[in-house]
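J.: Can you look at this prediction? I've put the sequence above it.
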Amino acid sequence: MMKIALLWPLAALLVSGAARCATPDNASLLFCARAALFAESFTEGTDANKSRQESITGAVAVLNLTFKEKVDDETLKLLFPWIALAEKLPGYKPYTKGSYVAVSCMAALGQAVYVPLQQDEVLPQVRNFLDGCEAKGSREAVGQCIKSGFMALPLAKLSK
């Protein structure tokens with residue numbers, strides 16, 4: 001399981017990313033931090049050959065421990081799309097997926113934009129981008145790469 005000490009680089013990424021967004025509120029920051037940790041913990045579980053359900057259960061346990069707040073059913077429903085995003089990106093390290101989810105979440109909540117992975121030509125661009133970021137090596141370098149390059153990806157506006 002992910003150590004709480006590893007959460008700090010993710011939190012730093014979110015806070016510095018939030019500074020670039022249009023004044024996100026604390027609820028958005030908290031939600032995106034939870035979504036990122038959830039996706040990262042879920043990926044750690046699936047990478048360890050645990051079932052999807054075992055990985056979800058483990059990720060919920062990490063969230064409950066880290067944030068000292070029980071994940072209820074409604075929150076879990078809101079977190080599932082971020083697992084789906086992580087699942088669309090197989091082969092990446094958990095922290096790469098966590099950073100990508102964190103930045104994606106903040107872009108969606110702060111600027112109402114997202115990367116339209118359902119378009120056939122977009123997924124290869126995202127994979128190329130993540131390959132380049134993951135090659136940077138460390139968690140911090142990968143996170144910085146994703147944060148600084150995310151807005152150059154093909155983006156679509158969320159409908160209201």
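T.: Everything's here; your move.

J.: Low-confidence regions, the protein specifically.
T.: Applying pLDDT under 70 to the chain flags residues 1-24, 160.

J.: out of everything not next to it in sequence, what's closest to Asn64?
T.: Distances taken as Cβ to Cβ, 6 or more residues apart in numbering place Lys70 nearest to Asn64, at 5.5 Å, with adjacent residues excluded. C-betas here are computed from N, CA, C, even on glycine.

J.: And for Trp82?
T.: Ala35 (4.2 Å).

J.: Can you say which helix or strand has the residue positioned nearest the centre of the chain in it?
T.: The centre of the chain sits closest to Val101, judged by Cα atoms, centre = their mean, with a distance of 1.8 Å. For Val101, the element it lies in under DSSP states H and E is helix 94-111.

J.: which residues sit against the longest helix anywhere in the chain?
T.: The longest helix of the chain (DSSP state H) is helix 26-47. Helix 26-47 is contacted by residues 1-2, 7, 10-11, 14-15, 18, 52, 54-56, 58-60, 62-63, 66-67, 71, 75, 78-79, 82-83, 85-86, 92-95, 97-99, 101-102, 105-106, 109-110 when judged by Cβ atoms under 8 Å, 6 or more residues apart in numbering.

J.: Next step: those restricted to helices.
T.: Using DSSP H, the contacts of helix 26-47 in helices are 7, 10-11, 14-15, 18, 52, 54-56, 58-60, 62-63, 66-67, 75, 78-79, 82-83, 85-86, 94-95, 97-99, 101-102, 105-106, 109-110.

J.: List only those of those residues flagged as buried.
T.: Among the ones in helices among the contacts of helix 26-47, those classed as buried by 16 or more other Cβ atoms under 10 Å are 7, 10, 14, 18, 55-56, 58-60, 62-63, 66, 75, 79, 82-83, 85-86, 94-95, 97-99, 101-102, 105-106, 109-110.
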